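Trainee: Let's see this in three dimensions:
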Amino acid sequence: MRNVRKGALAAVAAMALAFTAACTPADNGTGGNNGGNGGGNGGGNTHTELAEPQINETPYDQVKDGGTFTTAIGEITPQWNMFHGNMTTDTSTLWQWYNPQMAFYTPEGEWSFNENYLTDVQAEENEDGTIVTYTIREEAVFNDGTPIDWTAFEAVWKGNSGQEGYNANSTDGYDKIESVTAGENDKQAVVTFGTPWPWWKGLFNNILHPAAAEVDVFEQGYVDNPHPEWGAGPYKLESVDQASGTVTFVPNEKWWGDPGKLEKRIFRQMESEATINAFLNGEIDAAGVGSADYYARVAERGDEFEIRTASRPATFLLTLNSDSPNLSDVEVRKSIAMGINREQFAQVRFQGLNYTETPPGSFTLFPWQEGYKDSFGELAPYDPDAAKANLEAAGYTLNGEGIYEKDGQPLSLNYPIFGDSQLNRNTAQAMQAMMQQIGVKVNVLEKPSSDFSSTIAAKDFDFLLSGFASSDPFGVAYFCQIYCSDSSLNNSGTGSAEMDAKIDEVATLPTAEEQIAAANELETELLSSFGLLPMFGGPIIVAVKPGLANYGAGIFYTGPVENVGWTE
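Mentor: So this is what the prediction gives:
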């Protein structure tokens, strides 16, 4: 699924999470999307080349028992339900450590089911659609003793199918399901799609306790309540200390599989500068080092730390809020797009690092994936003079301060940034300078990382940098998640019923190849509303203490949380 992360990134079966542009690395508990703030040493590669994963992959029996693993997290979000529309990458990060992991991905995106929960998964196609049968291990139970059976799959489907009242993170794929029923017995779930669905491996990789299936519980039951009794797995939630911003997981005595290697897994809420200082002082065990400053501070310590880098399955974007009075006109949004030098913006982002990239042109696939097409580059090439001419054609005139105005209202935009990263401030200043050149005033509003979720939910911005991170390679499966008018991830307000219908048509095509081709063609039309602007990608780059196993820069990697630990 696709994830939204906060501004340095700031991104769940295959949903999108939100992230901001200057925060700590994401963490699926296994090194998946954890990695720096959008930079990296990159080895001189560009974003169109796939950089190999670096996670220190180690067999379970070679990871030592015991030890504590501590990292930073940007926010302990109020919403603990990873399937809810208000979740973020931080929500997903914490969820993975005390809830069932039903499937894994290799760094390259190969899927496999978790044999601790499932004994078999079979998919078949017929003329009407796809049928997937999940056979569930007999001993699999939630912490409260409730059997993990077909109703856990039904709960996920109900919450994500698009039914009225459910604010789902993503309905993509789930809304194509006609039924979820028991198979030969309650320990078998039969999922029947009403159409061929080539992306079924992106669904049900996490499950939901049946008690959370009803709309009121799905919506409010997890608000400020993580419900550890509804979890399962090698670790359980021991404590949440809001005062200190600390979440602690410990081994789960009710787990039936191989025990977790760690004695404790700890997350501490902190801003970017506090994170790097804590890492260098030995207080935490891994940190994103995607800015030149952070990278240099770690590198100068030599062999004391390891730096792990790989391609990041993420795209940072600029969301233009069309509900804002100053951005309601598509021609104004187009002018903003033409006034942004995306290559220069990326240079600021990656300054001091041996990394360059061509600006991305899609939210569907990454430049290093087969089938990728640049759908944006020709829509609004950088041209400040054309941007100003376009504003004037839309009825704007320059005032005495060099700012365009219309009907006495200056074109002034609020641009929030999150956290205390100097890199984040640098990119905000770059945006201010670019907009000044085309007569647009930008007010940079510095906020703590903990305000990210509430800012997004309230749409309290004119434009905002954030990112989409993908936890699997099935990007086209989540086309609606990015562009549909009712998606919780499309905060631009630029969707329409007409476009929604066209997006639905893409999802009815029978093969992956046909869907990719159709999505590429439609994406150009969707991007022409200039509500979502692809900005940059960048590598994952994370510094760790030596000996940390099965964690780091993993591209699509999602592995067993019980395998994370220390070899020395």
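Trainee: residues touching the closest residue to Ile76 other than its chain neighbours, list them.
Mentor: Of all residues not flanking Ile76 in the chain, Gln269 sits nearest, at 5.6 Å (C-beta to C-beta, 6 or more residues apart in numbering). Using the backbone N, CA and C atoms, a C-beta is placed for each residue, glycine as well. By C-beta atoms under 8 Å, 6 or more residues apart in numbering, the residues touching Gln269 are Ala72, Ile73, Gly74, Glu75, Ile76, Gly245, Thr246, Ser449, Ser450.
Trainee: now, which of those residues lie within strands?
Mentor: Ala72, Ile73, Thr246 (DSSP state E).
Trainee: What about the contacts of Gln269, which one has the most neighbours?
Mentor: When neighbours are counted by other C-beta atoms under 10 Å, Gly74 leads the contacts of Gln269 with 35 neighbours.
Trainee: my guess is it contacts Ser449, does it?
Mentor: Yes - between Gly74 and Ser449 there is a contact at 4.1 Å, judged by C-beta atoms under 8 Å.
Trainee: So Glu392 lies in a helix, does it not?
Mentor: Yes - checked against DSSP: H, G, I helix; E, B strand; the rest coil, Glu392 lies within a helix.
Trainee: how about the helices of the stretch 101-250 of the chain, start to end?
Mentor: Listed in chain order, the helices of the stretch 101-250 of the chain (DSSP state H, counting those that start in this stretch) span residues 150-160, 215-216.
Trainee: right, and those helices - which one's nearest Ala477?
Mentor: For the helices of the stretch 101-250 of the chain, proximity to Ala477 was assessed by C-beta to C-beta; helix 150-160 is nearest, at 12.6 Å.
Trainee: counting contacts, what elements does the closest one pack onto?
Mentor: Contacts defined by 3 or more C-beta pairs under 8 Å, 6 or more residues apart in numbering; DSSP states H and E place helix 150-160 against strand 177-182, strand 188-193.
Trainee: mind listing what the first one pairs with, with the direction of each?
Mentor: In other words, strand 177-182. Using DSSP bridges, the strands paired with strand 177-182 are strand 188-193 (antiparallel).
Trainee: Quick one: mean pLDDT for the partner strand?
Mentor: For strand 188-193, mean pLDDT is 98.
Trainee: Output stretch 425-442 as CSV, restricted to C-alpha atoms.
Mentor: The C-alpha coordinates for stretch 425-442 follow below in CSV (Å, rounded to 0.1, in the frame of the first residue of the first chain):
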residue,chain,number,x,y,z
ARG,A,425,14.1,25.6,6.4
ASN,A,426,16.5,25.7,3.4
THR,A,427,13.9,24.2,1.1
ALA,A,428,11.3,26.5,2.4
GLN,A,429,13.5,29.5,1.7
ALA,A,430,14.2,28.1,-1.8
MET,A,431,10.4,28.0,-2.4
GLN,A,432,10.0,31.5,-1.1
ALA,A,433,12.7,32.8,-3.5
MET,A,434,11.1,31.0,-6.5
MET,A,435,7.7,32.3,-5.7
GLN,A,436,9.0,35.8,-5.2
GLN,A,437,10.4,35.8,-8.7
ILE,A,438,6.8,35.3,-10.1
GLY,A,439,5.2,37.8,-7.7
VAL,A,440,3.8,35.4,-5.1
LYS,A,441,4.4,35.9,-1.4
VAL,A,442,5.1,32.8,0.7
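Trainee: And the contacts of it?
Mentor: Here stretch 425-442 has contacts from 21, 335-336, 338-341, 344-345, 348-349, 351, 384, 387-388, 391, 396, 398, 402-404, 410-413, 415, 417, 444, 446, 465, using C-beta under 8 Å, 6+ apart.
Trainee: Give the buried subset of those as a ChimeraX selection command.
Mentor: Buried residues within the contacts of stretch 425-442, by 16 or more other C-beta atoms under 10 Å, are selected in ChimeraX with:
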select :21,335,336,338,339,340,341,345,348,349,351,384,387,388,391,396,403,404,410,411,413,415,417,465
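Trainee: Provide a list of residues in contact with Leu548.
Mentor: Taking C-beta under 8 Å, 6+ apart as the test, what Leu548 contacts is Asn56, Phe69, Asp285, Ala286, Glu306, Gly565, Trp566, Thr567.
Trainee: for the record, mean pLDDT for stretch 110-125?
Mentor: Stretch 110-125 comes out at a mean pLDDT of 98.
Trainee: no, scratch that, I was asking about stretch 59-73
Mentor: Per-residue scores along stretch 59-73 average to 98.
Trainee: same check, this time on stretch 313-333
Mentor: Averaging pLDDT along stretch 313-333 gives 96.
Trainee: again with stretch 444-452
Mentor: Here the average pLDDT along stretch 444-452 is 92.
Trainee: Using CSV, write down the CA coordinates of that stretch.
Mentor: These are the backbone C-alpha positions of stretch 444-452, laid out as CSV (Å, rounded to 0.1, in the frame of the first residue of the first chain):
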residue,chain,number,x,y,z
VAL,A,444,6.6,30.0,6.0
LEU,A,445,5.0,28.7,9.2
GLU,A,446,7.2,26.5,11.4
LYS,A,447,5.3,23.8,13.3
PRO,A,448,6.4,20.9,15.5
SER,A,449,6.3,17.4,13.9
SER,A,450,3.4,16.5,16.2
ASP,A,451,1.2,19.0,14.4
PHE,A,452,1.4,17.3,11.0
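Trainee: roughly how far out does that stretch sit from the chain middle?
Mentor: A distance of 18 Å separates the centroid of the chain from that of stretch 444-452, by C-alpha atoms, centre = their mean, to the nearest Å.
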